[in-house]
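Colleague: Take a look and give me a structure for this.
(chains A and B)
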Amino acid sequence: MNIFVGKLNYATSEDDLRQAFEAYGAVSSCKIIMDRFTGRSKGFAFVEMDDNAEATAAIDALNNTLMDGRTIVVNKARPREDRF
DNA sequence: CATGAGCGT
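Modeller: Numbering: from 1, shown residues only, chains lettered A, B, ... in the order given. I've put the predicted structure just below:
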């Protein structure tokens, strides 16, 4: 399941996010969107989890929680492909 | 190359 994570601290790294999600389930992969020019975090990331139950639990558990001093929002991510 | 809602090289 693709998970969207927003309102992230610019200092937050993929490893931090991964560990946070791994605390509630197995994380398949994590990706923080970085800017092409500055190379800094755009403030949101995507976490992919194979287990649907664990993903939902992680979303419900990490949604609106404090991470690195910032309140993050966790929701189900939209499909990057298939716009229609 | 910057800063604070939103959905990815």
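Colleague: The strand or helix carrying A:Glu54 near DNA strand B at all?
Modeller: Using DSSP states H and E, A:Glu54 falls within helix A:52-62. No: if you take C-beta under 7 Å from any atom of the strand as the test, helix A:52-62 misses DNA strand B, and the best it gets is 10.7 Å. Bear in mind the C-beta positions are built from the backbone N, C-alpha and C, glycine included.
Colleague: what helices or strands is that helix leaning on?
Modeller: With contacts taken as 3 or more C-beta pairs under 8 Å, 6 or more residues apart in numbering; DSSP states H and E, helix A:52-62 sits against strand A:2-6, helix A:14-22, strand A:70-76.
Colleague: what's in contact with the second one?
Modeller: Counting contacts by C-beta atoms under 8 Å, 6 or more residues apart in numbering, the residues outside helix A:14-22 that touch it are A:3, A:5, A:8, A:27, A:30-32, A:45, A:47, A:49, A:58, A:62, A:67-68.
Colleague: Out of the residues you listed, flag the one nearest to DNA strand B.
Modeller: Checking the contacts of helix A:14-22 against DNA strand B by C-beta to the nearest atom of the strand gives A:Lys31 as the nearest, at 3.4 Å.
Colleague: which residues of chain A score low on pLDDT?
Modeller: A:81-84 (pLDDT under 70).
Colleague: Flag every residue of it that's near DNA strand B.
Modeller: Within chain A, the residues that sit near DNA strand B (C-beta under 7 Å from any atom of the strand) are A:2, A:4, A:6-10, A:31, A:33-38, A:40, A:42-44, A:46, A:48, A:70, A:73, A:75-78, A:80.
Colleague: Using neighbour counts, trim those residues to the buried set.
Modeller: Buried subset of the residues of chain A next to DNA strand B (neighbour count, 16 or more other C-beta atoms under 10 Å): A:Asn2, A:Leu8, A:Gly43, A:Phe46, A:Ala77.
Colleague: Farthest pair within these?
Modeller: Spatial extent of those (C-beta to C-beta) is set by the pair A:Asn2 and A:Gly43 at 17.6 Å.
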